[in-house]
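*Asks:* Need a 3D model of the following:
(chains A, B, C and D)
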2 protein chains.
Amino acid sequence: MLDGQDMAAVYVERWNAAATAGPAAPCPVRNVLDKIGDKWSMLLVMTLAAGPKRFNELHREVPDISQKMLTQTLRDLQRDGYVGRQVFDTKPPSVEYRLTPLGQSLIVPFGQLIEWANRSFDKIDAARADYDARD
Amino acid sequence: MLDGQDMAAVYVERWNAAATAGPAAPCPVRNVLDKIGDKWSMLLVMTLAAGPKRFNELHREVPDISQKMLTQTLRDLQRDGYVGRQVFDTKPPSVEYRLTPLGQSLIVPFGQLIEWANRSFDKIDAARADYDARD
DNA sequence: GGTGAAGATTACCTTGAGGTAAGTGCATGC
DNA sequence: GCATGCACTTACCTCAAGGTAATCTTCACC
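*Replies:* As a prediction, the model looks like this:
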């Protein structure tokens, strides 16, 4: 297990390597961070963590997402191998989405981050109030 | 320690709580995710993990960032309590940025994510090639 | 008196993520 | 025959993140 400094070095190094290699060779870290940073990917992954769901079922559980973004985010997650899509030949055809093993494995480190966020939010909030109080 | 399902439940629940409470009550997770997802915050945090640095020193180590974004990202990180800013009364005045204990504590869960990303990129890449091969 | 470094700030512009709203094809229920 | 549900697709629009480039102030050096 790496410590903080080594981790930082690996990250910065990889990043710079990708930057000098041009946009054709994307940084693995940036790649994952883009998914994590976008508005819906991780919410869908976490929603699917409870088990496989169908399109409209997902839409009901995450009501704020538009159909367009639900389709698009699901496609992206599928392309990257985080979720699998299975069409059942019923009438009307139904489609089921479920996490792949890769998608499930993301939940572990992402979960650590969630825990950190929940633990630390008080401090962040206090820091903000403090900062804003000094003009 | 929570397992995947519980983690998911906490995340989705918090998210929904924040959504129904309106934009006035932001989700702690989204809050942290926004920093992690933006283009420069985590790169600066990781660069500062190696030790305190001055403004132009940071600019030299992260050459792709514009002065504007360096200033702005540093301000945001400072406001949230991730980094501290110390002005030395030399001539010309020099300014030093360093991680706070809160900022240092972020490196742990974030580092797990970096390791996951590096470990998993081959699979993601393979999944993409596979997906793209099927039109 | 001109140049350069440090640490910014400002005005302006581009790009793309995401939202809105409408439409599609097919089937069942009333 | 009309409405409704499912799983999308398409066209259009908005807004904010981020980039570019110029400018500022203070001091030291030559």
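*Asks:* tilt between the biggest helix by length in chain A and helix B:101-133?
*Replies:* Identified as the longest helix of chain A according to DSSP state H is helix A:101-133. Calculated by axes from the mean of the first three to the mean of the last three C-alpha atoms, to 10 degrees, helix A:101-133 forms an angle of 140 degrees with helix B:101-133.
*Asks:* Does DNA strand C have contacts with helix A:101-133?
*Replies:* No: applying C-beta under 7 Å from any atom of the strand, one finds helix A:101-133 separated from DNA strand C by no less than 13.4 Å. Where C-beta positions appear, they are placed from N, C-alpha and C, glycine not excepted.
*Asks:* That helix near chain B anywhere?
*Replies:* Yes: judged by C-beta under 8 Å from any C-beta of the partner chain, helix A:101-133 and chain B are in contact via A:102, A:104-118, A:120-121, A:123-124, A:126-128, A:130-132.
*Asks:* number of nearby residues for the closest residue to A:Gly103 other than its chain neighbours?
*Replies:* What sits nearest to A:Gly103 in space, not counting adjacent residues and going by C-beta to C-beta, 6 or more residues apart in numbering or on different chains, is A:Tyr82, at 3.8 Å. For A:Tyr82, the neighbour count with other C-beta atoms under 10 Å in any protein chain shown is 26.
*Asks:* can you pull out the helices in chain A?
*Replies:* For chain A, applying DSSP H gives helices covering A:4-21, A:28-37, A:41-48, A:55-61, A:67-79, A:101-133.
*Asks:* Quickly compare those helices and say which is most buried.
*Replies:* Highest mean neighbour count of the helices of chain A: helix A:41-48, a mean of 24 (counted as mean count of other C-beta atoms under 10 Å in any protein chain shown).
*Asks:* Can you give the contact residues for that one?
*Replies:* The contact list for helix A:41-48 (C-beta atoms under 8 Å, 6 or more residues apart in numbering or on different chains) reads A:35-36, A:53, A:58, A:61-62, A:65, A:70, A:73-74, A:76-77, A:82-83, A:97-99, A:103, A:106-107, A:110, B:7-8, B:11-12, B:15, B:33.
*Asks:* how close does A:Ala117 get to A:Gln86?
*Replies:* 32 Å (C-beta to C-beta, to the nearest Å).
*Asks:* Over to A:Ser105?
*Replies:* According to C-beta to C-beta, A:Ser105 stands 20 Å off from A:Gln86.
*Asks:* low-scoring stretches of chain A, by residue?
*Replies:* Applying pLDDT under 70 to chain A picks out residues A:1-8, A:10-26, A:135.
*Asks:* Could you show which parts of it are in contact with DNA strand C?
*Replies:* A:38-40, A:64-69, A:91-92.
*Asks:* of these, list those near DNA strand D.
*Replies:* Among those, the ones lying near DNA strand D by C-beta under 7 Å from any atom of the strand are A:67-68, A:92.
*Asks:* Cool, thanks, signing off.
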